[in-house]
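> Build me a model from this:
(4 chains)
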2 protein chains.
Amino acid sequence: MTETDLNILDDEETQLCEASGKTAYPPALEFVKAQRMADFFGLLGDANRLRIISLLADTELCVGDLAIALDMNDSAVSHQLKTLRALRLVKHRKQGRHVFYQLLDRHVFDLYNTVLEHLDETAID
Amino acid sequence: MTETDLNILDDEETQLCEASGKTAYPPALEFVKAQRMADFFGLLGDANRLRIISLLADTELCVGDLAIALDMNDSAVSHQLKTLRALRLVKHRKQGRHVFYQLLDRHVFDLYNTVLEHLDETAID
DNA sequence: TCAACACATGAACAGACATTCATGTGTTAT
DNA sequence: ATAACACATGAATGTCTGTTCATGTGTTGA
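Numbers count the residues shown, from 1 in each chain, chains lettered A, B, ... in the order given. Alright, predicted model coming up:
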C-alpha cells in the first residue's frame, strides 16, 4: 500500500464504487486552497475588470479616462479599481486631483494572454 | 500620428484629461472578447469546480465517487459536470449505470497550476 | 472662501449562480 | 416485471456581486 505517498485520508476506508478499479479516494485539493484559487480566478471573471487590466497593462491612466475609454460610470470604475487594489494587482499614484493607476502584477497579464490564446484555439460553447 | 497603428477609434477626438500626457484613447479589449475571457475565468472561479478539476486531472472518476470524495451532493456534482462538459473541459464515458469523467483540456490544468504557484508567492488580501 | 472637479465610499437594487429538492431517464439484478 | 441504483434535469431558494445613485473627502482655481 502507498497510502501515505498518495496523501490519502485514512480515518475511514470508505468504499469506492466497484466499477472503478480503485480502492481509495484520490487526494483532493484542500478546500481552503481551492477557495483562494477560486477567488483569484473569480477576480478575472468580469469583462470590465479584464478591460481595465488590458488598458492598465499598456499604460498608466487616471480614473476618469478609464471610465471614458471603457464607457463606464466613474463610480463603477472606482469600485473595480478598489477591488484590484485590494488584491495588489494595480498600483496608484496621486497627482493633484487625479489618481493614476497602473498594472502592478504582470503575472496576471500573463494569465490574461494565456487565456486569450486559449480562446482562439478552442471553441467555447 | 499613428492612430491606425494603435487601433484607435477616430470617430470623435474626445479629449483626455490634460494631466495625462496622452492625446488619444489607448486601445481597449473589445467587449465581446473580454466577455468570453471573463466567462472562462469565471468558470474557474468556483472552489468546488476547481476541486473537481484537480481530481479529474489525476484520474478518471464516476459521479458518485466524486460526490463522496468532495463531500458534495450527487446532484450538485452532476450540475457542475454539466457545466464543465458544455465547455468541453471534461470528457465522459458511460459504463453500465456509471458515468466516468476525465479532464479533457490540459490547458485548464496548466492554468490551475500556474495560479497555484502564484498564490504561494503572493499574499492575497 | 467658494465653486467646480476628481475620486472614493456606502447603501440599495438587480442579475447571476451554486446548491438543494423533487422528479425523470436509463441500467442492473432479482 | 419490478425494485434499487447511478446519474441527469428543472424549479426554487439563498447568496454573492457589479452597477447605480447619493454623498463624502480632498484638491484646484477664481
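> Show me which residues of the longest helix seen in chain A are buried.
Ranked by residue count, the top helix of chain A under DSSP state H comes out as helix A:106-121. Within helix A:106-121, the residues that count as buried by 16 or more other C-beta atoms under 10 Å in any protein chain shown are A:108, A:109, A:111, A:112, A:115, A:116, A:118. Placement of C-beta: from N, CA and C, glycine included.
> now stretch A:91-100
Here stretch A:91-100 shows A:98, A:99, A:100 as buried, counting by 16+ other C-beta under 10 Å.
> Out of those, the closest to DNA strand D would be?
residue A:98 (8.7 Å; C-beta to the nearest atom of the strand).
> Residue A:66 is in contact with that closest one, correct?
No - between residue A:98 and residue A:66 there is no contact under C-beta atoms under 8 Å: 11.2 Å.
> Residues in contact with both of the two, list them for me.
Common contact partners of residue A:98 and residue A:66 (C-beta atoms under 8 Å, 6 or more residues apart in numbering or on different chains): none.
> Tell me which residue of chain A lies closest to DNA strand D.
residue A:73 (3.1 Å).
> chain center to the helix-or-strand element of chain A with minimal mean pLDDT, what's the gap?
The helix or strand of chain A with the poorest confidence is helix A:106-121; it has a mean of 84 (mean pLDDT, DSSP states H and E). Helix A:106-121 sits 11 Å away from the centroid of its parent chain (C-alpha atoms, centre = their mean, to the nearest Å).
> Which helix or which strand is home to the residue nearest to the spatial centre of chain A?
Closest to where the C-alpha atoms of chain A average out (C-alpha atoms, centre = their mean) is residue A:41, at 2.8 Å. Here residue A:41 sits within helix A:31-43, counting by DSSP states H and E.
> Same question for residue A:66.
helix A:63-70.
> mind saving the C-alpha coords of the next helix or strand after that helix as PDB?
Counting by DSSP H and E, the next helix or strand C-terminal to helix A:63-70 is helix A:74-86. Output of helix A:74-86 as PDB, limited to C-alpha atoms (Å, rounded to 0.1, in the frame of the first residue of the first chain):
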ATOM      1  CA  ASP A  74     -16.800  56.800 -12.900                       C
ATOM      2  CA  SER A  75     -18.100  55.200  -9.700                       C
ATOM      3  CA  ALA A  76     -18.200  51.700 -11.200                       C
ATOM      4  CA  VAL A  77     -14.600  52.100 -12.400                       C
ATOM      5  CA  SER A  78     -13.500  53.300  -8.900                       C
ATOM      6  CA  HIS A  79     -15.200  50.400  -7.300                       C
ATOM      7  CA  GLN A  80     -13.400  48.000  -9.600                       C
ATOM      8  CA  LEU A  81     -10.100  49.600  -9.000                       C
ATOM      9  CA  LYS A  82     -10.700  49.300  -5.300                       C
ATOM     10  CA  THR A  83     -11.000  45.600  -5.800                       C
ATOM     11  CA  LEU A  84      -7.900  45.400  -8.000                       C
ATOM     12  CA  ARG A  85      -6.000  47.500  -5.400                       C
ATOM     13  CA  ALA A  86      -7.000  45.200  -2.500                       C
END
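> before we move on, back to that, just send the buried residues of stretch A:91-100 back as TSV, with distance to residue B:89 and secondary structure too.
As requested, these are exported to TSV (distance: C-beta to C-beta, whole Å; DSSP: H, G, I helix; E, B strand; the rest coil):
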residue	distance to residue B:89	secondary structure
A:98	43	strand
A:99	39	strand
A:100	39	strand
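> ok, and which of the residues you listed reach chain B?
A:98, A:100 (C-beta under 8 Å from any C-beta of the partner chain).
> Let me know the pLDDT of the residue of chain A closest to DNA strand D.
Looking at residue A:73, its pLDDT is 96.
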